[in-house]
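K.L.:
just the structure for this:
(chains A and B)
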Amino acid sequence: AQSVTQLDSQVPVFEEAPVELRCNYSSSVSVYLFWYVQYPNQGLQLLLKYLSGSTLVKGINGFEAEFNKSQTSFHLRKPSVHISDTAEYFCAVSDNGAQKLVFGQGTRLTINP
Amino acid sequence: EAGVAQSPRYKIIEKRQSVAFWCNPISGHATLYWYQQILGQGPKLLIQFQNNGVVDDSQLPKDRFSAERLKGVDSTLKIQPAKLEDSAVYLCASRLGRNEQFFGPGTRLTVL
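P.N.:
Now for the predicted structure:
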């Protein structure tokens, strides 16, 4: 069975500082990985996805993530955060494209001025 | 293009009452999902439809939850009777082919 662990439930950072949100997964088959963002009182929006190819994936809003098969990780990074990045971030794994997603428990990113 | 629509956005009921949520997916999306997101947790899949057929309902508490997608377009999720632990956000998502899932804004249910 697939599972996702997001190692930090909350991450506070100062504005314009870099941030890394950690995600580890377990899967016995081919893996597809996703990061979604959820702003308050809204649904989930796709930030980026890894399906195949380059292990460094660039997404929207300046975010990027790196697929590391040996460490079974897919950490999300941004070199300089903005107040508007305050949200909940979810890592998800699938074994068949976006057919069936298993989500982590989420990381709340709080940006302090 | 219009996104996934859900209604109502908020619902407050007392335990043992019934409630229904509605979802209209993006036009042309054959696959529709209902997720339950309890506060502080990630979304958990309840049921997946392909057109009007159920693909996966293994995590749907069938003694109280039901869902249908009769014409293969919009869908309803019902809880009858509701329990306190059903308080959550219910998210609907739709997908075309192997592409990403698109999520609606959700319905926040509070059971008192």
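
K.L.:
C-alpha only now, for contacts and for neighbours.
P.N.:
OK.

K.L.:
show me what contacts the spatially most central residue of chain A?
P.N.:
What sits nearest the mean C-alpha location of chain A, by Cα atoms, centre = their mean, is A:Trp35, with 3.5 Å. Residues near A:Trp35 by Cα atoms under 8 Å, 6 or more residues apart in numbering or on different chains: A:46-49, A:76, A:89-92.

K.L.:
could you do A:Ser3 as well?
P.N.:
A:25-27, A:93, A:102-104.

K.L.:
could you pull out the strands for the chain?
P.N.:
Chain wasn't specified; assuming chain A. A:3-5, A:10-14, A:19-21, A:24-26, A:32-38, A:44-50, A:56-58, A:64-68, A:73-78, A:87-94, A:102-103, A:107-112 (DSSP state E).

K.L.:
was after chain B, sorry
P.N.:
So, for chain B - with DSSP E - the strands run B:5-7, B:10-13, B:19-24, B:31-37, B:44-50, B:53-56, B:65-68, B:75-79, B:88-95, B:101-103, B:107-111.

K.L.:
who does the third one touch, helix- and strand-wise?
P.N.:
Applying 3 or more Cα pairs under 8 Å, 6 or more residues apart in numbering or on different chains; DSSP states H and E, one finds that strand B:19-24 makes contact with strand B:5-7, strand B:75-79.

K.L.:
now the ones you listed in a markdown table, with mean pLDDT and mean neighbour count?
P.N.:
A markdown table is the format used below for those (pLDDT from 0 to 100; neighbours: other Cα atoms under 10 Å in any protein chain shown):
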| stretch | mean pLDDT | mean neighbour count |
| --- | --- | --- |
| strand B:5-7 | 96 | 20 |
| strand B:75-79 | 98 | 19 |
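
K.L.:
can I get the ones you listed in CSV with distance to chain A?
P.N.:
Formatted as CSV, the helices and strands packed on strand B:19-24 follow (distance: least, Cα to the nearest Cα, whole Å):
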stretch, distance to chain A
strand B:5-7, 10
strand B:75-79, 17
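
K.L.:
check B:Ala30 and give its pLDDT.
P.N.:
On the pLDDT scale, B:Ala30 is placed at 92.

K.L.:
need the contact list for it.
P.N.:
B:49-51, B:72-73, B:94-97.

K.L.:
which entries within those residues meet the buried criterion?
P.N.:
Buried members of the contacts of B:Ala30, counted by 16 or more other Cα atoms under 10 Å in any protein chain shown: B:49-51, B:72-73, B:94-96.

K.L.:
return the closest of those with respect to B:Phe65.
P.N.:
Comparing those against B:Phe65 with Cα to Cα places B:Phe49 closest, at 14.9 Å.
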